[in-house]
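A.B. asks: what follows is a protein structure lacking sequence information:
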Ligand SMILES: [Zn+2]
């Protein structure tokens, strides 16, 4: 023990460079297919509602986590509007380099649901963001059926 | 320790690529298990969830991720993981939750979604090997099986034909399993003529990647009596681990399986497993593994399992039905779910609910076993009625 205090680069001692080379194709699942097809084709958000618990799932699920009722026939369209439940202003990118323009990331609670999305806010001065701010989704022109089809949420 | 009963079971279809997410698969199996015994999620005190490496689903901490699909939302919940041995170890964890007196009911869920990995789960398997001793050689998981199989054949003077009979039997048994992916009528010649993957392992010696989930409902004795007239009791459990150094193991014999079995036999008061156990579901991701494990479980002497197979003793209507479900070779191999499938099979067989797969007579006791981690763990459960 203790060598790391004297050696700054582990390549100076005997070592083997390794990788964990794995890639994935994630299916959206039964609920996810519906959600992302509706976003892509109709710029709509679809949620499921548990009739027993009155809980509205967005992102949608095909089951109620509380009572296990099957929700595959309990779909409803919800608005693409909501309010900022909480937010942060991000100054560094994933590699810790300063961003040219700070980004606002928010948990957006969508109206009429018990859920929402984590997404970016746009068309707004970061200093003007506040909790409770009403926002709506801005969709991309060319949509592919994924979460980035929502460009960002902007103030109503 | 308190008595623990299995009162419900559920199993999804085993498929090559499911549209369902891991959570959705888990939900389907869990709901089925609860419905089968007339319980709801509210009746469940705690949940144990089993799944093999995170790398398969591509979700770190997938135990936590699968929580809501497995009914664990706002309940005492834990993830179980001993590689391929998980499917039998997870119900063992469920068992001690109840046997200890801490809980009266436990939902046990096992899930695997292996189709997510690109281009093949071998990329993830690579990372289970020692990073400096083995990974530089770019090992494939098949190596380990091929080395074991070859040593097993060498030690007992066995031929590939002796071993292929297991694949033929299990794939045929699976024709009667509604969840099966690999059911088919094949011949020994088909196995011997299939593509060589890593000698002596050929395509039809091995069970491929699969998606699926299974679930069980475990309860205390008092609860069991309220729920059903046909409880199936967990009479014995055992688990054991061998060294992670291949170089220090006997490849021809799974000692850890023997130790796990001895632990379970002692708990169940079993002296002669061959006479006192009526059905066996040993872990069979490869055909030789069924034989390997029958020997480790002490159902016969070392090297004699092929003879039992040849003589038809292990057929579904034989004296000792082995893998009447169709096993991993016939039903499929969604790792953790595949092990749990074996417990489901013993449960249904002992209750006389196995349909076309029902073994003759009225079996009183069955054993399910799985095996895995770095090919080093043995996990065993004995069920009785
Ligand atoms: Zn509900």
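C.D. replies: Here it is on my side, so go on. Quick caveat, the model's predicted, so the values are computed rather than measured.

A.B. asks: state the helix or strand in which whichever residue of the stretch 201-350 of chain B sits closest to the ion lies.
C.D. replies: Closest contact between the stretch 201-350 of chain B and the ion, by Cβ to the ion, is at residue B:215 (18.6 Å). Every residue, glycine included, has its C-beta placed from N, CA and C. Per DSSP states H and E, residue B:215 falls inside strand B:211-220.

A.B. asks: tell me the contacts of the residue of the stretch 201-350 of chain B closest to the ion?
C.D. replies: With contact taken as Cβ atoms under 8 Å, 6 or more residues apart in numbering or on different chains, residue B:215 is in contact with B:9-11, B:26, B:29-30, B:32-34, B:70, B:107-110, B:340.

A.B. asks: now the residue in the stretch 51-200 of chain B that the ion sits nearest to: closest residue in space, sequence neighbours ignored.
C.D. replies: Closest residue of the stretch 51-200 of chain B to the ion, Cβ to the ion: residue B:73 (10.3 Å). Spatially, and ignoring its direct neighbours in sequence, residue B:73 is nearest to residue A:65 (4.2 Å; Cβ to Cβ, 6 or more residues apart in numbering or on different chains).

A.B. asks: likewise for residue B:262?
C.D. replies: In space, and not counting its chain neighbours, residue B:262 is closest to residue B:238: 7.0 Å by Cβ to Cβ, 6+ apart.

A.B. asks: residue B:261 is in contact with the one you found, correct?
C.D. replies: Yes: proximity of residue B:238 to residue B:261 meets the contact threshold set by Cβ atoms under 8 Å, at 6.1 Å.

A.B. asks: return every residue with contacts to both of these two.
C.D. replies: The contact lists of residue B:238 and residue B:261 share B:378, B:380, where a contact means Cβ under 8 Å, 6+ apart.

A.B. asks: three-state assignment of the residue nearest to residue B:262?
C.D. replies: strand (DSSP: H, G, I helix; E, B strand; the rest coil).

A.B. asks: residues contacting residue B:356?
C.D. replies: Each residue near residue B:356 by Cβ under 8 Å, 6+ apart is listed here: residue B:176.

A.B. asks: okay, it: pLDDT?
C.D. replies: What the model reports for residue B:356 is a pLDDT of 98.

A.B. asks: what of residue B:353?
C.D. replies: The per-residue pLDDT reported for residue B:353 equals 98.

A.B. asks: next, count neighbours for it.
C.D. replies: 13 (other Cβ atoms under 10 Å in any protein chain shown).

A.B. asks: look up phi and psi at it.
C.D. replies: Backbone torsions of residue B:353, given as degrees, to the nearest 10, read phi -110, psi 20.

A.B. asks: ok, residues contacting whatever helix or strand comes next after the strand holding residue B:215?
C.D. replies: Using DSSP H and E, the next helix or strand after strand B:211-220 towards the C-terminus is helix B:221-227. Helix B:221-227 is contacted from outside by B:2, B:3, B:4, B:5, B:7, B:37, B:38, B:39, B:104, B:105, B:219, B:231, using Cβ under 8 Å, 6+ apart.

A.B. asks: for the most centrally placed residue in chain A, give the beta-bridge partners.
C.D. replies: In chain A, the centroid-proximal residue (Cα atoms, centre = their mean) is residue A:118; its distance is 3.9 Å. Assessed by DSSP bridges, residue A:118 has beta-bridge partners residue A:107.

A.B. asks: isn't it up against residue A:104?
C.D. replies: No: using Cβ under 8 Å, residue A:118 makes no contact with residue A:104, being 11.7 Å away.

A.B. asks: same for the helix or strand containing residue B:189, what does it pack against?
C.D. replies: Assigning secondary structure by DSSP H and E places residue B:189 in helix B:188-193. Where contact means 3 or more Cβ pairs under 8 Å, 6 or more residues apart in numbering or on different chains; DSSP states H and E, helix B:188-193 is packed against helix B:160-173.

A.B. asks: apply 10 Å and report the result again.
C.D. replies: When contacts are defined as 3 or more Cβ pairs under 10 Å, 6 or more residues apart in numbering or on different chains; DSSP states H and E, helix B:188-193 sits against helix B:160-173, strand B:201-202.

A.B. asks: circling back: residue B:78: which of the contacts of helix B:221-227 is nearest?
C.D. replies: Checking the contacts of helix B:221-227 against residue B:78 by Cβ to Cβ gives residue B:105 as the nearest, at 15.0 Å.

A.B. asks: phi and psi next, for that closest one.
C.D. replies: Dihedral angles (degrees, to the nearest 10) for residue B:105: phi -150, psi 150.

A.B. asks: what does residue B:262 give?
C.D. replies: Torsion angles at residue B:262 (phi, psi; degrees, to the nearest 10) stand at phi -60, psi -40.

A.B. asks: which residue is the nearest non-sequential neighbour of the residue of the stretch 201-350 of chain B found nearest chain A?
C.D. replies: Distances from the stretch 201-350 of chain B to chain A, computed as Cβ to the nearest Cβ, single out residue B:211 as the nearest residue at 9.3 Å. Of all residues not flanking residue B:211 in the chain, residue B:18 sits nearest, at 4.0 Å (Cβ to Cβ, 6+ apart).

A.B. asks: same check on residue B:101?
C.D. replies: Nearest to residue B:101 is residue B:2, by Cβ to Cβ, 6+ apart, at 5.8 Å.

A.B. asks: so residue B:149 belongs to a helix, correct?
C.D. replies: Yes: residue state for residue B:149 (three-state DSSP) corresponds to a helix.

A.B. asks: verify the stated contact: it with residue B:198.
C.D. replies: Yes: between residue B:149 and residue B:198 a contact is recorded at 9.4 Å, counting by Cβ atoms under 10 Å.

A.B. asks: and those two? Which one has more around it.
C.D. replies: Higher neighbour count among residue B:149 and residue B:198: residue B:149, with 27 against 17, using other Cβ under 10 Å.

A.B. asks: how near is that one to residue B:51?
C.D. replies: Going from residue B:149 to residue B:51 by Cβ to Cβ, to the nearest Å gives 27 Å.

A.B. asks: what of residue A:36?
C.D. replies: 25 Å.

A.B. asks: then residue B:221?
C.D. replies: Distance from residue B:221 to residue B:51, counting by Cβ to Cβ: 29 Å.

A.B. asks: who has more neighbours out of these two?
C.D. replies: residue B:51 (31 against 14).

A.B. asks: count of residues packed around the closest residue to the more buried one other than its chain neighbours?
C.D. replies: Nearest residue to residue B:51, sequence neighbours excluded (Cβ to Cβ, 6+ apart): residue B:336, at 4.9 Å. Counted with other Cβ under 10 Å, residues neighbouring residue B:336 total 32.

A.B. asks: do the same with residue B:247
C.D. replies: Quick note: residue B:247 (other Cβ under 10 Å) scores 6 neighbours.

A.B. asks: picking up where we left off before, hmm, the residue nearest to residue B:101 is touching residue B:233, no?
C.D. replies: No: counting by Cβ under 10 Å, residue B:2 does not reach residue B:233; the two are 11.1 Å apart.

A.B. asks: doesn't residue B:378 lie inside a helix?
C.D. replies: No: the assignment for residue B:378 (three-state DSSP) gives strand, which keeps it out of a helix.

A.B. asks: my guess is it contacts residue B:237. True?
C.D. replies: No: the pair residue B:378 / residue B:237 is not scored as a contact, 11.6 Å apart, by Cβ under 10 Å.

A.B. asks: quickly list what's touching both of the two.
C.D. replies: Shared contacts of residue B:378 and residue B:237 (Cβ atoms under 10 Å, 6 or more residues apart in numbering or on different chains): B:88, B:89, B:260, B:263, B:264.
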